[in-house]
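# could you look at this predicted model? Sequence included:
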Amino acid sequence: MKNLKKREARIEALETKFENVREEVLGLTSDDMKCEEYISEILERQRRASNIMIADVKEATADKGIERKDEDTKGVKELLKDFSVDMSNIKVFRVGKQA
């Protein structure tokens, strides 16, 4: 009987230790996820660091999409020419619906 109580106490102690280790592992996994999210956020901010938005740009009048995009790009380059901006890697996106 005494031996049985010792074993039960030992089992309970091991279960408690197991639960503590499990919680610690889950906490480490959670920390890894937070680090990954943080790094992703930093990379996304770096990617968007040189983005700008220009409002009230005259809408392109061409019928074809590619021609409208070319008109938009020309218009933006014209606006930015006085700002000493490197225009070799410029990408233009229009937001909102076409009027």
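Looks like it came in fine.
# how much space between residue 8 and residue 15?
Separation of residue 8 from residue 15 (C-beta to C-beta, to the nearest Å): 11 Å. Glycine gets a C-beta too; all of them are placed from N, C-alpha and C.
# got the CA coordinates for stretch 60-70 in CSV?
The C-alpha trace of stretch 60-70 is given here as CSV (Å, rounded to 0.1, in the frame of the first residue of the first chain):
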residue,chain,number,x,y,z
ALA,A,60,-5.8,58.9,-68.8
THR,A,61,-8.1,59.2,-71.9
ALA,A,62,-6.8,56.3,-74.0
ASP,A,63,-9.2,53.4,-74.7
LYS,A,64,-6.7,50.5,-74.2
GLY,A,65,-5.4,49.6,-70.8
ILE,A,66,-1.7,49.6,-71.7
GLU,A,67,-2.1,53.0,-73.4
ARG,A,68,-3.8,54.4,-70.2
LYS,A,69,-1.0,53.0,-68.1
ASP,A,70,1.6,54.6,-70.4
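# now do it, average pLDDT.
Average pLDDT, stretch 60-70: 88.
# name the residues that touch it?
Under the contact criterion C-beta atoms under 8 Å, 6 or more residues apart in numbering, stretch 60-70 has outside partners 71, 72, 75, 92, 94.
# hang on, the fourth one packs against residue 78?
It refers to residue 92. No. Residue 92 is not in contact with residue 78 according to C-beta atoms under 8 Å; the separation is 11.7 Å.
# now do the contacts for residue 76.
Residues in contact with residue 76 (C-beta under 8 Å, 6+ apart) are 54, 57, 90, 92.
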